[in-house]
Structures are given as structure tokens and as C-alpha cells.
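Peer 1: Got a sequence here, can you model it:
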Amino acid sequence: MVLLHDSNSCAPAAIEILIDLTRNFRIYAVDIPGQSNLNEEFLLDVNDNSYGKWMYEILSRLAVKNAF
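Peer 2: Numbers count the residues shown, from 1 in each chain. As a prediction, the model looks like this:
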């Protein structure tokens, strides 16, 4: 299971809330680039496929072939 937090949050907070899922899933709580400090240098463009490319890279590097 891949968890993506909403804005103004962080991955550790998301996994803390859903810790019971670790009994049945391998959990990846991924921080979204630039969200923690809103540094424009690291923000992804919401008007193109930047988020999709970023997620593909994350899943590829983790060798995740199937995810919820």
C-alpha cells in the first residue's frame, strides 16, 4: 500500500494514523516533494504529468509492481 498525504501534512503522520494496516500490508508512506516547506524549487507542476512521473520513479525504485 502506498500512502500519499494531503497538503499541510507529512508521511509520518499518515502512517501513524493507519498503523494497523501494517498487519496485512507493506506500507510505503511517501513524502511529496516540496510540501513540507513549500519550496518552489522542489514543487511539482500540477498542470502536467510531473506527479505521475514522480510516482512512477518512486514505485520503480522500490520495485513495487502492484499497489493499492
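Peer 1: Strands along this structure, start to end?
Peer 2: 2-4, 28-30 (DSSP state E).
Peer 1: what about the helices in this structure?
Peer 2: 11-17, 50-61 (DSSP state H).
Peer 1: Quick check: pLDDT value at residue 11.
Peer 2: Looking at residue 11, its pLDDT stands at 60.
Peer 1: likewise residue 56?
Peer 2: For residue 56, the predicted pLDDT is 92.
Peer 1: Now do it: how many residues are near it, please.
Peer 2: 11 (other C-beta atoms under 10 Å). The way it works is simple: take the backbone N, C-alpha and C, and place the C-beta from them, glycine included.
Peer 1: Tell me where the model's unsure across this structure.
Peer 2: 5-16, 33-42 (pLDDT under 70).
Peer 1: Pretty sure residue 4 sits against residue 28.
Peer 2: No. Residue 4 is not in contact with residue 28 according to C-beta atoms under 8 Å; the separation is 9.5 Å.
Peer 1: so residue 27 touches residue 3, yeah?
Peer 2: Yes. Using C-beta under 8 Å, residue 27 is in contact with residue 3, at 6.4 Å.
Peer 1: how about the strands of the chain, which one is nearest residue 52?
Peer 2: strand 2-4 (12.3 Å; C-beta to C-beta).
Peer 1: partners of residue 2 in the sheet?
Peer 2: residue 28 (DSSP bridges).
Peer 1: Tell me the spacing between it and residue 47.
Peer 2: For residue 2, the distance to residue 47 equals 23 Å [C-beta to C-beta, to the nearest Å].
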